[in-house]
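Student: My questions are about this predicted structure, shown below with the sequence.
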Amino acid sequence: FVAGVTLVRSGQTEIDLRMAPGERVTVAGQVLTFEGVTAEPGPNYQAQRGSITVAREGSPGLRLHPEKRRYSASPAMPMTEAAISSSWRGDLYVALGDEAGPGAWTLRIHHKPYVTWIWGGCAFMALGGLLAAADRRWRGGEFPHPGQQG
């Protein structure tokens, strides 16, 4: 867990940039192509929905759809819904910013490697806790209590 947190923090990439449809950027060996933004109605919001294709070596393009939402209850307060792609190589987060000209938008892209190490560390800690709780010596009183002579 600690190694995962340390490696994620030291190896992460953060990029804020302006992209127009058709423009590409490479982040951690992945080519992201911005395809544009469309208006999408939701059940209680209006959204601007971005479309980004992510091409990785040897795999077909993955599509990410970050959104900028304006809810009916508070239209003055837009909310950002980041698109997330998780893999064993790390997590890729793409958030849609503000419109920056005709068809162009600002994007915030984060690549965080070794996130799976954090989850793996948590799983190992949980397994260790379960194994310790299942130890019969705790139930049978074989371990001396503090203050008792052993």
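Tutor: The structure has been received and is ready for your questions.

Student: any low-confidence regions in the chain?
Tutor: The model of the chain has pLDDT under 70 over residues 4-5, 7-9, 58, 138-150.

Student: what ranges do the helices span in it?
Tutor: All helices of the chain, identified by DSSP state H, fall at 2-11, 115-133, 136-140.

Student: With mean neighbour count and distance to A39 as new columns, can those be given to me in TSV?
Tutor: For every residue, glycine as well, the C-beta is placed using N, CA and C. Converted to TSV, those look like this (neighbours: other C-beta atoms under 10 Å; distance: least, C-beta to C-beta, whole Å):
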stretch	mean neighbour count	distance to A39
helix 2-11	13	35
helix 115-133	12	32
helix 136-140	9	60
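
Student: For A73, which of the ones you listed is the nearest?
Tutor: helix 115-133 (33.0 Å; C-beta to C-beta).

Student: Check the offset of that closest one from the chain's centre.
Tutor: Centre-to-centre, helix 115-133 and its host chain are 20 Å apart (C-alpha atoms, centre = their mean, to the nearest Å).

Student: Thanks a lot, see you next time.
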